[in-house]
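K.L.:
Build me a model:
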Amino acid sequence: MKKIVLLLLLSLSLYALDIVKGEVALVELKQGDTISLDGKELPILQNPVEKNKRFALIAIDYKSKLKDEVLKIDGKKIPLHVRAGKYKKEQIKVAKSKVKPSKKALNKIYAQYKEAKIIYATTTPRRYWNKPFILPLHSKITSSYGNARMFNSVLKSFHSGTDFRAKIGTKIKATNDGVVVIAKKRYYAGGSVVIDHGDGLYSCYYHLSKILVKVGDKVKQNEIVGLSGKSGRVNGPHLHFGIRLYSHAINPLQFVSTVNKLFKAKM
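P.N.:
Predicted structure coming up:
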């Protein structure tokens, strides 16, 4: 099947929208349009290039059921077809404690999960970014988003980001402007930095050997937020780069490619 085009210009001729689980669609809107998904209103955002234009981002969670949903734009119903992604399985060998944590570790894991869940569910009512997104580094991708992860032959999770090869100490750049909301070592993610970019968008940088920012810091695109490492649940040094939008873990490369089309349209 031909890959679904996710950047759409809305018009009266639009009768349906396809989207893959774990991906994002960008929908351009006219002034005064409203947009909702299954009865829940979606944020309407100002175009960063053309200030008189508006758009919305539709994020479908990786774990969503394969069912059609109803998208409404200015009161008009548009079927939204959710499709499965072609995600693979991968085997990863790690320390036994990272597959079957102790009770003490489980309490720590739960506290860290709860903290992150509250953060990702928070939408800062402003946007910190106004330029195209960049990747935190350029190197070989060692694990793609969406892979089913078999840790020591036990299925534990899906891969919520993209892994880049990076020897210990490689400088990691902020993908765009924002404010640091997490900057500490965590059980699974290891040395972690999470940046709030506003409007419900967050970027994540995991397994760092050194963290160079602290919570509350305002960072600029290209600023070095940490050094890559092999902390947390890993089998070697690399960077895990993730994107969270409206709490959903979204394919970061597809997100960057999709949102950056806002800027290419003006070029």
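
K.L.:
Name the residues of the longest strand along the chain that are buried.
P.N.:
Ranked by residue count, the top strand of the chain under DSSP state E comes out as strand 201-211. Neighbour counts over strand 201-211 (16 or more other C-beta atoms under 10 Å) mark 201-209, 211 as buried. No exception for glycine: its C-beta is placed from N, CA and C like everyone else's.

K.L.:
Kindly report the same for stretch 226-246.
P.N.:
For stretch 226-246, using 16+ other C-beta under 10 Å, the buried residues are 226-234, 237-246.

K.L.:
export it as PDB, just CAs?
P.N.:
Only the C-alpha atoms of stretch 226-246 are listed here, as PDB (Å, rounded to 0.1, in the frame of the first residue of the first chain):
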ATOM      1  CA  GLY A 226      23.800  16.300  27.600                       C
ATOM      2  CA  LEU A 227      26.300  13.700  26.600                       C
ATOM      3  CA  SER A 228      25.300  10.300  25.200                       C
ATOM      4  CA  GLY A 229      25.900   7.200  27.300                       C
ATOM      5  CA  LYS A 230      24.700   3.700  28.200                       C
ATOM      6  CA  SER A 231      22.800   4.300  31.400                       C
ATOM      7  CA  GLY A 232      19.400   2.700  32.200                       C
ATOM      8  CA  ARG A 233      18.000  -0.400  30.400                       C
ATOM      9  CA  VAL A 234      20.400  -0.700  27.400                       C
ATOM     10  CA  ASN A 235      22.800  -3.100  25.800                       C
ATOM     11  CA  GLY A 236      25.300  -0.500  24.600                       C
ATOM     12  CA  PRO A 237      25.800   3.300  24.200                       C
ATOM     13  CA  HIS A 238      23.300   5.200  22.100                       C
ATOM     14  CA  LEU A 239      20.800   8.000  22.300                       C
ATOM     15  CA  HIS A 240      17.100   7.400  22.500                       C
ATOM     16  CA  PHE A 241      15.200  10.300  21.000                       C
ATOM     17  CA  GLY A 242      11.500  10.600  21.600                       C
ATOM     18  CA  ILE A 243       8.500  12.900  21.000                       C
ATOM     19  CA  ARG A 244       5.400  13.200  23.100                       C
ATOM     20  CA  LEU A 245       2.400  15.000  21.800                       C
ATOM     21  CA  TYR A 246      -0.800  15.300  23.900                       C
END
